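Asker: fold the following.
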Amino acid sequence: MEFVSIQKNVGHSPRKLRLVADMIRKMTPIKAIEALEFNSRAASKDLIKAIKTALANGGNLANLTFKKIEINEGMKMKRYRVGTAGRGRGRPYQKRLSHIKIVLSDEMVTSDKVKVTSKKKEGREKAVVLDDSAVKTGLTEKATTESSK
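Answerer: Numbers count the residues shown, from 1 in each chain. Take a look at the predicted model:
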C-alpha cells in the first residue's frame with residue numbers, strides 16, 4: 001500500500017531541496033529523519049516535516065520505504081531589490097518555491113535480476129543470476145549462468 005504526502009509552495013528553491021533529497025533516497029524514513037536532523041542545510045527542516053507527515057499518513061508502520069521522492073518547481077514570486085541598479089531604480093529577481101511529493105510503500109521492492117551465488121568450476125567463476133519467474137517462485141535451479149574470467 002502507498003502513502004502520499006504533498007507539501008506545496010515550500011520556501012526553498014527546488015535546486016537546494018534536491019541536493020538534500022538526493023542524500024536520503026536510499027535510506028529508510030526513520031534513518032532519513034535522523035540524518036537530516038544533523039544536516040546544516042536549511043532545506044532539511046522542511047524535508048523532515050514532509051517525511052513526518054508521510055509517516056503519519058502511513059500510521060507509523062515499521063517497514064515503510066521510500067518509493068518516490070519528487071522535488072518539483074512551484075510558484076515564482078516576483079520581487080524587486082531597490083538600490084542595486086542605481087538612480088532609484090530596482091532590479092527584478094524571482095523567489096522560487098517548490099513542491100515536495102513523498103510516496104512511502106510497505107511493499108518489498110525486488111530488482112529484476114538478483115545475483116544469488118558464484119560457483120568455481122575448473123578455474124572459472126560462474127555467477128548464477130535469477131530471472132523474474134525464479135525470484136517469484138523461489139527456485140534457484142531455474143537460473144541462467146554467466147561465465148566471467
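
Asker: buried stuff in the longest helix seen in the chain?
Answerer: Longest helix in the chain, counting residues (DSSP state H): helix 43-57. Neighbour-count burial for helix 43-57 flags 43-44, 46-48, 50-51, 53-55 (criterion: 16 or more other C-beta atoms under 10 Å). The C-beta positions use only the backbone N, C-alpha and C, and glycine is treated the same way.

Asker: ok, the residues you listed vs Ile100, which is closest?
Answerer: Nearest to Ile100 among the buried residues of helix 43-57 is Ala50, at 4.6 Å by C-beta to C-beta.

Asker: how much space between the closest one and Arg96?
Answerer: Counting by C-beta to C-beta, to the nearest Å, the gap from Ala50 to Arg96 is 17 Å.

Asker: ok, Met23 - contacts?
Answerer: Contacts were defined as C-beta atoms under 8 Å, 6 or more residues apart in numbering; by that measure Met23 touches 35, 39.

Asker: where does it fall, phi/psi-wise?
Answerer: For Met23, the backbone dihedrals (degrees, to the nearest 10) come out as phi -70, psi -30.

Asker: quick one, helices of the protein?
Answerer: Residue ranges of the helices in the chain, as given by DSSP H, are 14-24, 29-37, 43-57, 132-137.

Asker: all strands of the chain, in order?
Answerer: Secondary structure of the chain, counting by DSSP state E: strands at 2-10, 65-82, 90-105, 114-121, 124-130, 143-148.

Asker: returning to what we had before: how about CSV for the buried residues of helix 43-57, with distance to Asp22 and pLDDT added?
Answerer: Output for the buried residues of helix 43-57, formatted as CSV (distance: C-beta to C-beta, whole Å; pLDDT from 0 to 100):
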residue, distance to Asp22, pLDDT
Ala43, 12, 96
Ser44, 12, 96
Asp46, 15, 95
Leu47, 11, 96
Ile48, 16, 96
Ala50, 15, 96
Ile51, 14, 95
Thr53, 20, 94
Ala54, 17, 94
Leu55, 20, 93
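
Asker: looking at those residues, which is nearest Glu34?
Answerer: Ile48 (9.8 Å).

Asker: for the most centrally placed residue in the chain, which non-adjacent residue is spatially closest?
Answerer: Geometric centre of the chain, nearest residue: Arg25, 2.9 Å, by C-alpha atoms, centre = their mean. Distances taken as C-beta to C-beta, 6 or more residues apart in numbering place Ile69 nearest to Arg25, at 5.9 Å, with adjacent residues excluded.
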